[in-house]
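>>> Return atomic coordinates for the entry below.
(chains A and B)
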Amino acid sequence: MATEAHGSESSLVFHPMDQFKVTPLFGDGPVHWYTITNVTLWMALAVVGVILLLVVGSRSRSIVPTKGQSVAELTYGFVYKMIEDVTGKDAVKYFPYVMTLFIFIVFSNMLGLLPLSFTTTSHIAVTGVLALLVFVFVTVLGFVKNGSKFLALFWVSSAPMAVRPLLAVIELISYFVRPVSHSIRLAGNMMAGHAVIKVFAGFAAIAAISPVSILAITAMYGLEILVAFIQAYVFTILTCVYLKDALHPVH
Amino acid sequence: MATDTHGAETHAADAAHAAAEAGMPQLDFATFPNQIFWLLVTLVVIYFVLSKIALPRISSVLAERSGTIMNDISAAEELKLKAKEAEEAYNAALAEAKAKAQQIAGEARAAIQADLDAATAKADAQIAAKAAESEKAIAAIRDGAMDSVKDVAKETAKELVAAMGSTADGRTINAAVTARLKG
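Numbering: from 1, shown residues only, chains lettered A, B, ... in the order given. Alright, predicted model coming up:
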């Protein structure tokens, strides 16, 4: 983005992290919680994308779908089948939540790949909130649905009695690590790819290296498209797995 | 985005901000409330768009489509059954018609045969009558011929005798010729 203001003639200047800066869209003031920033802009664009795909795309409601409607139906079917297969038929009532997560992440990731864009999902604040929402939702749902039986998730009844307390501690720790890994996986993947592309772009300043640099950027970009989708998929399927634990806490 | 933070340092007076400037903007906690607020707004908006408009619409379209496909399949099955029935009816009618045709042909053949037999018998009778008549005529002609031969023989004998210079009694000659003829 608006980097390299300070002397780029003399030597290579890398600012791979500048693209992640949260800045106000209007003016130059401090970032309050309500300030309209680039975060707001790109999240709004994600919302616009979602509406274009799922609402405008399906507006004709035709039996024989148009192109846009096909994509909308594919997305719907993809997530619906995922939650049905992974979590179970009784979990399809949570489909809108899971679909919201998936569609937001996949649109944010893909929009982040546009040149000069801002990737909201590369921020731990965003993915952390997403992961915490899932964690809190799953935990509350687990206790509401199963009561104290939800604790059976930590009590490995198939293991010998002697190791069960030890396993319970391990299970408990792994349970609380879930939101951490859940969020850092997504943010880390998005951030790393974008930073690497930026570093390659920095090398393009040297004329001799620039062809290699451009090739490398192209290759990385292809990989990043894959990563953008896969990370959304991974986040969603893990959400489904956690939901399954909440609904059927048998170990 | 186009605003690079030259003046921001003097402006913000934020330690965390300054620290993040050097490293990861992700760890600039001053921007967390902003991001979290807008994230929650975004999620709520997407959730309502999905659950109120998009998902019910798509699911109804999918249900409608699977219903239409089911209907079409059952209609096709029905039509297939009907076609089979029609084919069976056609085959039965065809077999019946064939049998009828055969019967008619047989009857016609029998009638023709009877006519033919009658005609043949009639012709045979006529032929037999004609043959008998002819035989009679032939016999009459033959008898006539025999008499003529006798007369001619007698005359000839009489002439021969006269020619040889002797006369003979007519009666004697006749007797002799008759005797000769009897052989």
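
>>> And the next helix or strand past the helix or strand hosting A:Val50?
Per DSSP states H and E, A:Val50 falls inside helix A:38-50. Once the chain leaves helix A:38-50, the next helix or strand it forms, by DSSP H and E, is helix A:67-86.

>>> could you give the angle of the helix or strand following that following helix to helix A:67-86?
Per DSSP H and E, the first helix or strand lying C-terminal to helix A:67-86 is helix A:95-112. Here helix A:95-112 runs at an angle of 120 degrees relative to helix A:67-86 (axes from the mean of the first three to the mean of the last three Cα atoms, to 10 degrees).

>>> Which strands and helices lie in contact with the longest helix along chain B?
Longest helix in chain B by number of residues (criterion: DSSP state H): helix B:55-163. Contacts defined by 3 or more Cβ pairs under 8 Å, 6 or more residues apart in numbering or on different chains; DSSP states H and E place helix B:55-163 against helix A:67-86, helix A:95-112, helix B:170-182. No exception for glycine: its C-beta is placed from N, CA and C like everyone else's.

>>> The longest one versus helix B:55-163: what angle between them?
Calculated by the same axes, to 10 degrees, helix A:67-86 forms an angle of 100 degrees with helix B:55-163.

>>> where does the stretch 151-251 of chain A come near chain B, residue by residue?
Within the stretch 151-251 of chain A, the positions near chain B by Cβ under 8 Å from any Cβ of the partner chain are A:Ala187, A:Met191.

>>> the strands in the stretch 151-251 of chain A, which residues?
With strands called from DSSP state E, counting those that start in this stretch, the stretch 151-251 of chain A shows none.

>>> Which stretches in it count as helices?
Secondary structure of the stretch 151-251 of chain A (DSSP state H, counting those that start in this stretch): helices at A:164-203, A:210-247.

>>> looking just at contacts, which helices and strands does the first one meet?
Just to be clear, that refers to helix A:164-203. helix A:95-112, helix A:124-146, helix A:210-247.

>>> The last one now?
Using 3+ Cβ pairs under 8 Å, 6+ apart as the contact test, the elements touching helix A:210-247 are helix A:67-86, helix A:95-112, helix A:124-146, helix A:164-203.

>>> Can you name the residue of the stretch 101-250 of chain A that approaches chain B most closely?
At 4.3 Å from chain B, A:Ala125 is the closest residue in the stretch 101-250 of chain A, using Cβ to the nearest Cβ.

>>> Before we move on, what's the pLDDT of that residue?
Note on A:Ala125: pLDDT of 93.

>>> cool, B:Thr3 as well?
44.

>>> What is the neighbour count of B:Lys80?
Applying other Cβ atoms under 10 Å in any protein chain shown, we find 10 residues neighbouring B:Lys80.

>>> For it, which residues are in contact?
Going by Cβ atoms under 8 Å, 6 or more residues apart in numbering or on different chains, B:Lys80 touches no other residue.

>>> taking the helices and strands packed on helix A:210-247 together, which one is wrapped up most tightly?
Counting by mean count of other Cβ atoms under 10 Å in any protein chain shown, helix A:95-112 has the highest mean neighbour count of the helices and strands packed on helix A:210-247, with a mean of 24.
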